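Chemist: sequence first, predicted model second:
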Amino acid sequence: MRFFKKLQPIAAATCTLVAAASVDLFVTPKLTEAQSYPIDCAILLCLAGGWPSSPECAAARATFIRRITPFPIEPPLQIWRCPMGASFEVDPSTLTPDRIYDTLMDESAPRQSFPAPAPEDFTLNPQPAVYRERDTLPFSEDTMVHPVQSADIDVSGPAFDFIRSIRVSQVRVVQWGEECHTHQDIRIGTYDSQGRFSWRDSGVVPAAFEGRSRQCPRNLRGVLVEWRDYQGTYDKEQVNY
């Protein structure tokens, strides 16, 4: 497909993106945040292309693995940091991999919001100390979580299988005693059809996790990340700690 063919010049494409973005972003007060966009766009493209050999993809893969290296354990692909021109009111048929590439080729900085000027008068009016019921709170519990871990785009189609194939497994196995009693603490992190990353508990050690045995006593801890590229080729990386 056209998208996969365009992955070949990823090195030049990413360099162009970073150079174009840096020119405009140096005049903004949010430089460090804005610079986080290119690496996640590079991760997105390099992951899809099977991590082609280039300095940009090497840096993208290093960041991908660093994020799952304890501690903390972060989502390896933070797609919400890659501006894709997405919105809630858009024709789903336009949300294709080509759109990702075309966004990266747009030599303009992503739109940002900036805080209002600080007030000159810092005098605070007194407020009565009164009890307020919980249902008067204006926000739901996940209001502040959603913006930082959601891409707000539809990645449910087969073209985005490579995103939803990412699976992060945090595993701790403790074995002790003559009968080799075992305690397992396992969490699995995955992406949903909207690009959100979330954790769930699991009682099964992933088959791809290395180091399992019946040797006692033993304390095994590690993080495994598995994925498939755009063509479905499987790969993994494990970090023990």
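Modeler: Right, received. Where do you want to start? Since the model is a prediction, treat every value here as computed from it, not as a measurement. Numbering: from 1, shown residues only.

Chemist: just the CA trace of stretch 64-75, in PDB.
Modeler: Only the C-alpha atoms of stretch 64-75 are listed here, as PDB (Å, rounded to 0.1, in the frame of the first residue of the first chain):
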ATOM      1  CA  PHE A  64       9.600   2.800  22.900                       C
ATOM      2  CA  ILE A  65      11.600   0.400  25.100                       C
ATOM      3  CA  ARG A  66      12.700   3.000  27.700                       C
ATOM      4  CA  ARG A  67       9.100   3.800  28.500                       C
ATOM      5  CA  ILE A  68       8.400   0.200  29.500                       C
ATOM      6  CA  THR A  69      11.600   0.000  31.600                       C
ATOM      7  CA  PRO A  70      10.800   0.300  35.300                       C
ATOM      8  CA  PHE A  71      10.100   2.700  36.800                       C
ATOM      9  CA  PRO A  72       7.600   4.100  36.000                       C
ATOM     10  CA  ILE A  73       6.200   1.800  33.300                       C
ATOM     11  CA  GLU A  74       4.600   4.000  30.600                       C
ATOM     12  CA  PRO A  75       2.600   3.400  27.500                       C
END
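
Chemist: report the buried residues of it.
Modeler: 64, 67, 68, 73, 74, 75 (16 or more other C-beta atoms under 10 Å). C-beta: built from backbone N, CA, C; applies to glycine.

Chemist: can you name the two of the residues you listed that sit furthest apart?
Modeler: Greatest spacing in these, by C-beta to C-beta: 64 and 73 (12.7 Å).

Chemist: quick one: mean pLDDT for stretch 47-66?
Modeler: Stretch 47-66 shows a mean pLDDT of 96 in the predicted model.

Chemist: ends of it, how far apart?
Modeler: Using C-alpha to C-alpha, to the nearest Å, one end of stretch 47-66 lies 15 Å from the other.

Chemist: show me the shaky parts of the protein.
Modeler: Along the chain, segments meeting pLDDT under 70 span 1-37, 84-152.
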